[in-house]
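Undergrad: next input, structure requested:
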Amino acid sequence: MKSTLGELEITSKQAEKLKVLPHRQISPHLENCCLPLSATVSYEQAERDLAYLTGIRVPAKTQQRIVHRQTFDLPEVEQPIEELSVDGGKVRVRTPLGH
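TA: Purely as a prediction, here's the structure:
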């Protein structure tokens, strides 16, 4: 298993104790290191940044799989949204007629 400490060999009993899911090749801590990097830059750049910061290479495709495995709760809106800010890309804002 890849970890921030390098390659580790763990037994199934150790995996159970550490709550590592079956067939995972990356430690939970290393996955948590990947998420913020993938959120701020491309998967390819996250791969390079992680290798620079930890010395461990996690391919861009694996970074993408880690992100897509996550489930995030949607925020609860307490009042109508009146404005928003977007960093890059094209956005079409649609409002009801007459507004």
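Undergrad: and the most centrally placed residue in the chain, which helix or strand is it part of?
TA: Nearest to the geometric centre of the chain sits Leu35, at 2.7 Å (Cα atoms, centre = their mean). For Leu35, the element it lies in under DSSP states H and E is helix 28-40.
Undergrad: in the helix or strand following that helix, which residues are buried?
TA: Next along the chain after helix 28-40, taking DSSP H and E as the criterion, comes helix 43-54. The neighbour-count check on helix 43-54 (16 or more other Cβ atoms under 10 Å) flags 43, 46-47, 49-50, 54 as buried. To be clear about C-beta, it is placed using only N, CA and C from the backbone, and glycine gets the same treatment.
Undergrad: tell me the mean pLDDT for helix 43-54?
TA: Helix 43-54 carries an average pLDDT of 92.
Undergrad: report all helices and strands that it contacts.
TA: Applying 3 or more Cβ pairs under 8 Å, 6 or more residues apart in numbering; DSSP states H and E, one finds that helix 43-54 contacts helix 28-40, helix 60-69.
Undergrad: ok, which of the ones you listed comes nearest Pro75?
TA: When the helices and strands packed on helix 43-54 are compared by Cβ to Cβ, helix 28-40 sits nearest Pro75, at 15.7 Å.
Undergrad: and the angle for that closest one with helix 60-69?
TA: 90 degrees (axes from the mean of the first three to the mean of the last three Cα atoms, to 10 degrees).
Undergrad: lowest-confidence stretch among the helices and strands packed on helix 43-54?
TA: What stands lowest among those, in mean pLDDT terms, is helix 28-40, with a mean of 88.
Undergrad: how far does that helix sit from the chain's center?
TA: Centroid displacement of helix 28-40 relative to its chain, using Cα atoms, centre = their mean, to the nearest Å, is 5 Å.
Undergrad: got the angle for it vs helix 43-54?
TA: Using the same axes, to 10 degrees: helix 28-40 against helix 43-54 is 130 degrees.
Undergrad: just the buried residues of helix 28-40, please?
TA: Residues 30-31, 33-34, 37-38 are the ones in helix 28-40 that count as buried (16+ other Cβ under 10 Å).
Undergrad: please apply the same query to stretch 2-11.
TA: For stretch 2-11, a neighbour-count test (16+ other Cβ under 10 Å) marks 2-4 as buried.
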